[in-house]
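1. fold the stuff below for me.
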Amino acid sequence: MPGVTHDDAPLLADLMPWSVAPLRLGRGWPTAPAPATLKARWDALLKAEGPDRETLFEPTRSRTVHSAVAQLPGQPSGTEPLADASGPCPDPVRVLAAPFDEQWLIPDHRLIDAARPELWRVADAHQVFAVESAEGTPLPLLATSLLPTLRAGRIRPLYRRPGGAEPNLAPGLPAYLADRLGRDVTPPDVLAWALTAIRPDRTVPLTEDPDLWARGVELGHRALWLLRRDGDRPKLPGGRRPYVRSPLPSRPLTVLYDAEEETLHLDEGRISPVPPEAWGFRTGEVRVLEAWFAARTTETAEPGTLAAITPPSWPQSWTSELLELITVLALLADVRARQTEFEVRAQITVGDLTAAGVLPAPETSRRPASVLEHIEEGPAGQLTLM
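-> Down below sits the predicted model:
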């Protein structure tokens, strides 16, 4: 991890004061790697009646088929109790279900024990969610444009309001850094720097060296691009791009890696070249590619449950996603290696930020911004003004 000359570095929690606890779904079936699966599960739920619907739903203390809850912000789902629901499945939305694993979620508040509506209110094309990883993982911080539903640490949106308005940064921080560095500093620059410089204890050493800042921000922006996967699609150099060499079977059950041939075997299917950096990329003790494959092939649900409804065969879209994931991991491994060697010198300390009035951040910055103009539908069609 990045080295520092001393430990008087601010915490990420001080630089990005507003944070939200992870979502708590309460049941696994509203999330799946394929949207068609979710629509099939929804249809199966609504075909069941009475106690059978209650059982399929998998009730908890927070949610039953009789719960009355408001819509999720921006999601036009029904608000009547699920026991009386009869409409079509709300359109699934893309979420980050696990590190580097993009899946789909039915965006219906009635299905989610703790949906964190304050996150849904600020989720748009401008938003970036910084997600604290579990302690001890090689990547202390992830970033995503998607709503994160993974079991991890706290979620820190880059912006407190929709449309990229009001950055979730200690008030005055970008201006102070710009003055010390002699260059413009944007909110994405601060997040990019944090991705490069953050340490396992979630402190983020800051520098007053303009050249070092520029290198750290450049590295962080490349990591942001790879983690968010928006805009131009990442590509490896010609001759190193992974391709399907032998067609994948309709339902692959095993994944093996041949390091000598740099080949990924999915039963008799073959993908190559797969750089060893991509195969070896881990979050904690888990290989990302193995976890991604297991999420699509391991059958752990009990027969007769909604989670047991899965695609009858391997969709072509998963192959495309796998090829892109291999590319992202290979490129990100290089970024991570360079970040590991990054050493922060000429550090801006907590004392400096305190003397400048940047820290401590006011308590109001640690709470969600009010969104008084946002009208949402409450239980049973009532309107609520947030």
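2. and the helices in the stretch 1-150 of the chain, which stretches?
-> Using DSSP state H, counting those that start in this stretch, the helices of the stretch 1-150 of the chain run over 12-15, 35-47, 51-57, 117-122.
3. select, out of the ones you listed, the one closest to L306.
-> With CB to CB, the closest approach to L306 among the helices of the stretch 1-150 of the chain belongs to helix 35-47: 4.4 Å. In this view, the C-beta of every residue, glycine as well, is placed from N, C-alpha and C.
4. and that closest one, what's its mean pLDDT?
-> Average pLDDT, helix 35-47: 98.
5. again, but for stretch 200-213
-> Rounded mean pLDDT across stretch 200-213 is 95.
6. do me a favour and get the end-to-end distance for it?
-> 20 Å (CA to CA, to the nearest Å).
7. which of the residues in that stretch are buried?
-> By neighbour count on 16 or more other CB atoms under 10 Å, the buried set for stretch 200-213 is 202-209, 212-213.
8. farthest pair in those?
-> Greatest spacing in the buried residues of stretch 200-213, by CB to CB: R202 and D209 (22.3 Å).
9. wait, L206 sits on Y176?
-> No: if you go by CB atoms under 8 Å, L206 and Y176 don't touch, sitting 9.6 Å apart.
10. how far away from the center of its chain is stretch 284-300?
-> On the basis of CA atoms, centre = their mean, to the nearest Å, stretch 284-300 sits 17 Å off its chain's mean C-alpha point.
11. buried ones in it?
-> Residues of stretch 284-300 classed as buried: 287-289, 291-293, 296-297 (neighbour count, 16+ other CB under 10 Å).
12. please apply the same query to stretch 249-268.
-> Using 16+ other CB under 10 Å as the test for burial, stretch 249-268 gives 252, 255, 257, 262-267.
13. where are the low-confidence patches of the stretch 51-200 of the chain?
-> For the stretch 51-200 of the chain, applying pLDDT under 70 flags the ranges 135-136.
14. all strands for it, in order.
-> Along the stretch 51-200 of the chain, counting by DSSP state E, counting those that start in this stretch, strands occupy 93-98, 101-105, 129-132, 141-144, 147-148, 155-157, 159-161, 165-167.
15. for those strands, which one sits closest to P247?
-> Closest to P247 of the strands of the stretch 51-200 of the chain, according to CB to CB: strand 101-105, at 23.5 Å.
16. look at G269 and say how many residues are nearby.
-> Applying other CB atoms under 10 Å, we find 17 residues neighbouring G269.
17. sec struct for the closest residue to it other than its chain neighbours, please.
-> Of all residues not flanking G269 in the chain, L248 sits nearest, at 3.4 Å (CB to CB, 6 or more residues apart in numbering). Using DSSP: H, G, I helix; E, B strand; the rest coil, the structure places L248 in coil.
18. just checking, L248 touches H265?
-> No: L248 sits out of contact with H265 when judged by CB under 8 Å, with a separation of 10.0 Å.
19. can you list phi and psi of I348 for me?
-> Phi and psi for I348, reported as degrees, to the nearest 10, are phi -90, psi 120.
20. just grab the bridge partners of it for me.
-> Residues in a beta bridge with I348, per DSSP bridges, are L206.
21. gap between it and R287?
-> Distance, I348 to R287, using CB to CB, to the nearest Å: 37 Å.
22. repeat for G28
-> Distance, G28 to R287, by CB to CB: 22 Å.
23. swap in L264?
-> Look at L264 and R287: by CB to CB, they are 11 Å apart.
24. list residues touching both of those two?
-> Counting by CB atoms under 8 Å, 6 or more residues apart in numbering, the shared contacts of L264 and R287 are W279.
25. where's T298 relative to T319, distance?
-> 18 Å.
26. er, T349 actually
-> Per CB to CB, T349 is found 50 Å from T319.
27. can you check A68 too?
-> Taking CB to CB, one finds A68 at 42 Å from T319.
28. between the two, which is the more surrounded one?
-> For A68 versus T319, neighbours defined as other CB under 10 Å are more numerous around T319 (16 against 13).
29. right, and that one touches L248 too?
-> Yes: in this structure, T319 is within contact of L248 by CB under 8 Å, at 6.0 Å.
30. and L323, what element?
-> helix 316-340 (DSSP states H and E).
31. orientation of that helix relative to strand 101-105 in degrees?
-> In terms of direction (axes from the mean of the first three to the mean of the last three CA atoms, to 10 degrees), helix 316-340 departs from strand 101-105 by 130 degrees.
32. got a list of contacts for helix 316-340?
-> Residues external to helix 316-340 that are found in contact with it (CB under 8 Å, 6+ apart): 1-2, 33-34, 100, 102, 138-139, 195-196, 219, 222-223, 226-227, 229, 233-236, 240-244, 248, 264, 271, 274-275, 277-278, 280-281, 288-289, 292-293, 296.
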